[in-house]
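Student: What follows is a protein structure lacking sequence information:
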DNA sequence: GGCTGCCTGTAACTAGGCGTACACTACTCT
DNA sequence: AGAGTAGTGTACGCCTAGTTACAGGCAGCC
């Protein structure tokens, strides 16, 4: 039952002023959700009691009642599908719901603009350093693999050799840091150290409260679903792949040239098996 | 500039109560849009002034200011669906469709029975060897990471040291091989060699025509979507995670004991950060 | 141990919210 | 033409909202 339906039901019994109010409300329902009686009265060029009467005519106790109803409707509309899906049962089914939901949210977090903001420092960096906690390692690997094919000087930083590897980082560099609660000490302290010497940080983490989020303006938030006893790395991997695609777009021909050279190299070294007659131009 | 960004910017200067408020707001932003100061105070188990202080810390004149700002943000989100569609209209939309479709198919391929068939040789193996091509490396890493936490003797085989690593494989072992067209020569030839000496093969590949499918009865087929110029590793990662969860189920208490020991080890070695920015002792 | 900060909750104030009673206008019906 | 009725705005009361000033409490520091 939407506000449109409610109004339609009583539209034939509306007085002229009430009709104006109805038109206003239909045009922008947020007016009802956020506005006060006075606001609406001003907008509809009428007095406050008319607004209240309009509410009672719709079947509510008063404007307050109508407003709280509208707000609930909007809340449902705004909230993610997670709550709706959660009611399914069975082991695989719940995992599936969790994964599909997290993918939904990841796409929501990574619109074109945000993706661009994250990709730019990666495309422009002199060196790219990739740091990661345990559960997001797959994401780090995917990013490293993808970026390596389209630009030079991409380094996946391993925990046991952090210091040695990072000692040459400079202000012209960018570090991509993956980490989620529980934050791995090594990743966080390294990221802080890098930020301090002016390395640009791109953080893939689990929320604004993350220690990574305070280090940079270029970050994004991922919802991490559980698969069995462990956290999933799917959102991290997906983010990594989207980032790579975006960096390719930004680098343009430069990246494509590099891919072609790599392809040539693979041909001459016979890296791939020519097993299937299928010609797959993409990698 | 979203509410998440705003909170992220000042997250390290938040007091404990303010942190509770922040968490609440992040979990459900409609609370901010619709709720009163009292509502929030009750939910966060604090007093009204703390809510107001939170608002001012975010850079607003007071709660009213913050709320009207949030409402405008939400209005944009709600009242202009054309805007939302336009954002999805770029390259991201097609990528999204491809990924969601492939996830759908992956779940279809991996019903409970098939998952069990794949997991059994992994749970029972003396050693587990993991081999992978380039694009599925993230899946291999995820599998390695997950399996390592629940059972011993799991090895991720790197291309440059294949021979040395695999020389100790026996009939009691299992090899999990990820590879998709174009098949990487190294992975395929290694898999063939292992199969010849009686190592059980679990193949994650792209169809019955794959050279891997002919080596074993325990295999599964994944559809691989493209993200930009490259193939996605998301289906591989997802399969790896589902496999890990299934192996955990099969191993039962044995796996759980192992996880507990690992947890204990993490505690004593301080691997993880107990993040609460207000208390800056050990950093 | 006392002092000095910083957090946090209590209390009081102002303002604006909604709802209702009442009065005015205009139209209709007898 | 007068009375009644429906529609609308004015005036008032009560209440809760947000804000601010102030006091208690706890930790760290000389």
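Tutor: Okay, I see it. The structure presented is a predicted model; accordingly, all values stated were derived computationally and were not measured. Numbers count the residues shown, from 1 in each chain, chains lettered A, B, ... in the order given.
Student: so which strand or helix has residue A:175?
Tutor: strand A:174-178 (DSSP states H and E).
Student: continuing past that strand, what's the next helix or strand?
Tutor: Strand A:174-178 is succeeded, C-terminally, by helix A:185-196 (DSSP H and E).
Student: near chain B, anything from that next one?
Tutor: Yes. Residues of helix A:185-196 are located near chain B by CB under 8 Å from any CB of the partner chain, namely A:185, A:186, A:188, A:189, A:192. Any C-beta I mention is one placed from the backbone N, CA and C, and that applies to glycine too.
Student: Okay, angle between that helix and strand A:174-178 too, please.
Tutor: Angle of helix A:185-196 versus strand A:174-178, following axes from the mean of the first three to the mean of the last three CA atoms, to 10 degrees, is 150 degrees.
Student: How far off centre is helix A:185-196?
Tutor: 23 Å (CA atoms, centre = their mean, to the nearest Å).
Student: Going by neighbour count, which residues of that helix are buried?
Tutor: The neighbour-count check on helix A:185-196 (16 or more other CB atoms under 10 Å in any protein chain shown) flags A:185, A:186, A:187, A:188, A:189, A:190, A:191, A:192, A:194, A:195 as buried.
Student: circling back to that earlier point, does any part of the strand holding residue A:175 sit near chain B?
Tutor: No. For strand A:174-178, no contact with chain B is found by CB under 8 Å from any CB; the gap never falls below 11.9 Å.
Student: so what does that strand touch, helix or strand wise?
Tutor: In terms of contacts (3 or more CB pairs under 8 Å, 6 or more residues apart in numbering or on different chains; DSSP states H and E), strand A:174-178 is packed against helix A:112-124, strand A:128-132, helix A:137-150, helix A:185-196, strand A:200-205.
Student: That strand pairs with which strands?
Tutor: Sheet pairing for strand A:174-178, assigned by DSSP bridges, gives strand A:128-132 (parallel), strand A:200-205 (parallel).
Student: Pipe those into TSV and attach mean pLDDT per row.
Tutor: Converted to TSV, those look like this (pLDDT from 0 to 100):
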stretch	mean pLDDT
strand A:128-132	94
strand A:200-205	93
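Student: Can I get the ones you listed in JSON lines including mean neighbour count?
Tutor: Listed next are these as JSON lines, based on neighbours: other CB atoms under 10 Å in any protein chain shown:
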{"stretch": "strand A:128-132", "mean neighbour count": "26"}
{"stretch": "strand A:200-205", "mean neighbour count": "25"}
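Student: measure residue A:208 to residue B:26 for me?
Tutor: From residue A:208 across to residue B:26, the span is 6 Å (CB to CB, to the nearest Å).
Student: Find the residues that touch each one of those two.
Tutor: B:4, B:7 (CB atoms under 8 Å, 6 or more residues apart in numbering or on different chains).
Student: Mind checking which of the two has more residues around it?
Tutor: A count of neighbours by other CB atoms under 10 Å in any protein chain shown puts residue A:208 above the other of residue A:208 and residue B:26, at 24 against 18.
Student: That one contacts residue B:8, correct?
Tutor: Yes. Using CB atoms under 8 Å, residue A:208 is in contact with residue B:8, at 3.5 Å.
Student: Of all the strands paired with strand A:174-178, which one is nearest residue A:48?
Tutor: Among the strands paired with strand A:174-178, strand A:200-205 comes nearest to residue A:48, with 47.5 Å by CB to CB.
Student: Pull the residues that contact that closest one.
Tutor: The contact list for strand A:200-205 (CB under 8 Å, 6+ apart) reads A:118, A:121-122, A:125, A:136, A:139, A:173-180, A:191, A:194-195, A:210, A:212-213, A:215-216, A:218-222, A:236, A:239-240.
Student: Equivalent analysis for stretch A:114-126, please.
Tutor: Against stretch A:114-126 from outside (CB under 8 Å, 6+ apart): A:128, A:147, A:151, A:153, A:170, A:172-174, A:176, A:200, A:202, A:218-220, A:242-243, A:246-247, A:249-251, B:92.
Student: Residues of chain A that sit close to DNA strand C?
Tutor: Neighbours of DNA strand C within chain A, by CB under 7 Å from any atom of the strand: A:36-39, A:48-49, A:52, A:55, A:61-65, A:67.
Student: mind running it again at 6 Å?
Tutor: A:36, A:37, A:38, A:48, A:49, A:52, A:62, A:63, A:64, A:65 (CB under 6 Å from any atom of the strand).
Student: And the fifth one, how far from residue B:134?
Tutor: If you measure residue A:49 against residue B:134 using CB to CB, the figure is 72 Å.
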